[in-house]
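A.B. asks: for reference, the sequence and a predicted model appear below.
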Amino acid sequence: MALLADYRCKATPGRRVVEIYDADAYLSDDDAMAAARTEAVAGNGYHLYIQSLQPDIDVEVAIRLWDSPPSPPAEAEGSVPVSIESETAILVVNQLEYGPAGEMSLPRSGVYTGHAWWENRQATGDCQRSNNSPRSS
């Protein structure tokens, strides 16, 4: 299996969400965004929403194209199948409150399928909760 393209950028999840969409897919999807809250990543075919457990901390978004699908790495906390259609062959990584973080040129327009997986999501969320818990002296 060969890696065909690798794009990475840092994004800040405003309202705990980062979205990925085709450059011409401007309309958001509230149902898909709500699904991401419980599934970590969800989409509607034109948008993918990534739900962070901690707000306002930079996350790395990596989009990789392979000639055949790899398995998630052993250290992945979870994974979900994803699909996104790109008519423009340009994907935008968007920060809801801050605007675009970057964009990736794809080899061609069309439907791309694969898996989203994540690492360190739970530990980051746990750290946020412990930092916000009331303290007693």
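C.D. replies: The structure has been received and is ready for your questions. Residues are numbered from 1 along each chain as shown.
A.B. asks: any idea how far A23 lies from Y46?
C.D. replies: 11 Å (Cβ to Cβ, to the nearest Å). (Glycine included, C-beta is placed from N, CA and C.)
A.B. asks: pull out the buried positions in stretch 19-26.
C.D. replies: For stretch 19-26, the neighbour count (16 or more other Cβ atoms under 10 Å) marks 19-23, 25 as buried.
A.B. asks: equivalent analysis for stretch 5-24, please.
C.D. replies: For stretch 5-24, by 16+ other Cβ under 10 Å, it's 7, 9, 11-14, 16-23.
A.B. asks: first-to-last residue distance for stretch 7-18?
C.D. replies: Its first and final residues considered, stretch 7-18 spans 15 Å by Cα to Cα, to the nearest Å.
A.B. asks: pull the residues that contact that stretch.
C.D. replies: Contacts of stretch 7-18 with the rest of the structure, by Cβ atoms under 8 Å, 6 or more residues apart in numbering, involve 33, 36, 49-64, 91, 93-98, 101-102, 104.
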